[in-house]
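[1] Got a sequence here, can you model it:
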Amino acid sequence: MNGLAALLIRRLTHDFAGPVGAMTTVLELGPGDDPELLSLVADSATGLAATLKLYRFIATPEDGPVASATVRALLADWLTARGGPALDLSDTGEWPGPVARLTAALAMIATDVRAPTLTVTMGRVVLSAPLADELARVLGGEPAATPREALAGLAASEAAAAGLTIGVAADALTVYQGSALPL
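    Numbers count the residues shown, from 1 in each chain. As a prediction, the model looks like this:
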């Protein structure tokens, strides 16, 4: 197993540990008809499912067009489940598959800055605060070294494979065709 795959697995197991732990605890307590405990299980399962769907979408090498509504639904479900920022994604129409997957990955990465709103358009995610240096470094092509950097490593690798470049600026993460032309 290569280093990035191992880091991604560690990242996924970290992301899944909370919801699975909550469900296990409630089941051990025997929730009966307690609506609060049943709600905790339902919320945990919903969050886990949203995370799985989003990671699966990002990691599926599909080149065909993707409806922007699909990206919006995946991100909205994931953000809602984790109590994340509001999503502003008003684009309509279809996005190229690699760009849609990269945009979704960049949106996940951008939640690291903890903005109240996540603004997304095709190939662009607006940042309201600077991205952590280590994430910017990995998006720029340096190898991921920690599970926190794994998704950035996957995004950089997928961008390179698709002939795309990820630009990291103080105010946005942008997907470029080649090395200079924004989409």
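
[2] since we're on Asp133, how many residues are nearby?
    The number of residues packed near Asp133 is 8, by other Cβ atoms under 10 Å. Quick note: C-beta positions are derived from backbone N, CA and C, even for glycine.

[3] Quick one: low-confidence residue ranges for this protein.
    Counting by pLDDT under 70, the chain contains low-confidence ranges at 1, 31, 178-183.

[4] List the buried residues of stretch 34-48.
    Neighbour counts over stretch 34-48 (16 or more other Cβ atoms under 10 Å) mark Leu37, Leu40, Val41, Ser44, Gly47, Leu48 as buried.

[5] and if you look at stretch 77-93?
    Buried residues in stretch 77-93, counting neighbours by 16+ other Cβ under 10 Å, are found at Asp77, Trp78, Leu79, Ala81, Gly84, Pro85, Leu87, Leu89, Asp91.

[6] Now secondary structure and distance to Lys53 too, for these, in TSV please.
    TSV is the format used below for those (DSSP: H, G, I helix; E, B strand; the rest coil; distance: Cβ to Cβ, whole Å):
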residue	secondary structure	distance to Lys53
Asp77	helix	7
Trp78	helix	8
Leu79	helix	13
Ala81	helix	10
Gly84	coil	15
Pro85	coil	19
Leu87	strand	15
Leu89	coil	16
Asp91	coil	20
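
[7] tell me what the helix or strand containing Ala150 is packed against?
    In this assignment (DSSP states H and E), Ala150 forms part of helix 147-161. The contact analysis (3 or more Cβ pairs under 8 Å, 6 or more residues apart in numbering; DSSP states H and E) places helix 147-161 against helix 3-29, helix 35-59, helix 97-110, helix 133-139, strand 164-168.
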